[in-house]
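**Student:** how would this look folded up:
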Amino acid sequence: MGWDVDVESDWRVGRDHLREYWSWTGAALYLLLTLDLLTTLYAAALYGPAAESNPLVRAVLAQGVPRLVALNLAALAVSVGLLSAYMRLLRRTRGPEAWMMARGLEAWLGVLVAAGLFVFANNLSVIVLGASLF
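**Tutor:** The predicted structure is shown next:
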């Protein structure tokens, strides 16, 4: 298995790809922030904050829902800000470096969507079964 990819020196990411990256980012953040928040709050309403397996979220949840919402909004702002900076850099980069950056971003977004699906499934497990998947 080789990594010998022939990429032209002026290769760059097109606008359609950038739009697609933002769409996948929206899906990942929806899963990781919105659905996670809603299902976490529902599980906490059923079983209390102790049902949350993430110690940071459990501690914030014990301080009240407004703080948990603020934490989620902060995570959203940081995520969008970092991705915006990465996208600006990606638009200015050409050649094999741009190609590698694009593939890395695609892999990262895939991991985020998969993690979001797992977190959502785990929260549903807590709601339905009363226990985490791990």
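
**Student:** quick one: the helices in the chain?
**Tutor:** Applying DSSP state H to the chain gives helices spanning 15-29, 36-47, 55-62, 65-92, 95-129.

**Student:** now the angle between helix 65-92 and the third one, please.
**Tutor:** Taking axes from the mean of the first three to the mean of the last three Cα atoms, to 10 degrees, helix 55-62 and helix 65-92 form an angle of 140 degrees between their directions.

**Student:** show residues contacting helix 55-62.
**Tutor:** Thr40, Ala44, Pro49, Ala50, Glu52, Arg67, Leu68, Leu71 (Cβ atoms under 8 Å, 6 or more residues apart in numbering). In short, each C-beta sits where N, CA and C put it, glycine included.

**Student:** for the helices of the chain, give me CSV that also has distance to Asp6 and mean neighbour count.
**Tutor:** Formatted as CSV, those follow (distance: least, Cβ to Cβ, whole Å; neighbours: other Cβ atoms under 10 Å):
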stretch, distance to Asp6, mean neighbour count
helix 15-29, 19, 15
helix 36-47, 41, 17
helix 55-62, 45, 15
helix 65-92, 20, 13
helix 95-129, 9, 15
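
**Student:** relative to Val7, which of these is closest?
**Tutor:** Closest to Val7 of the helices of the chain is helix 95-129 (Cβ to Cβ; 4.5 Å).

**Student:** elements contacting that closest one?
**Tutor:** helix 15-29, helix 36-47, helix 65-92 (3 or more Cβ pairs under 8 Å, 6 or more residues apart in numbering; DSSP states H and E).
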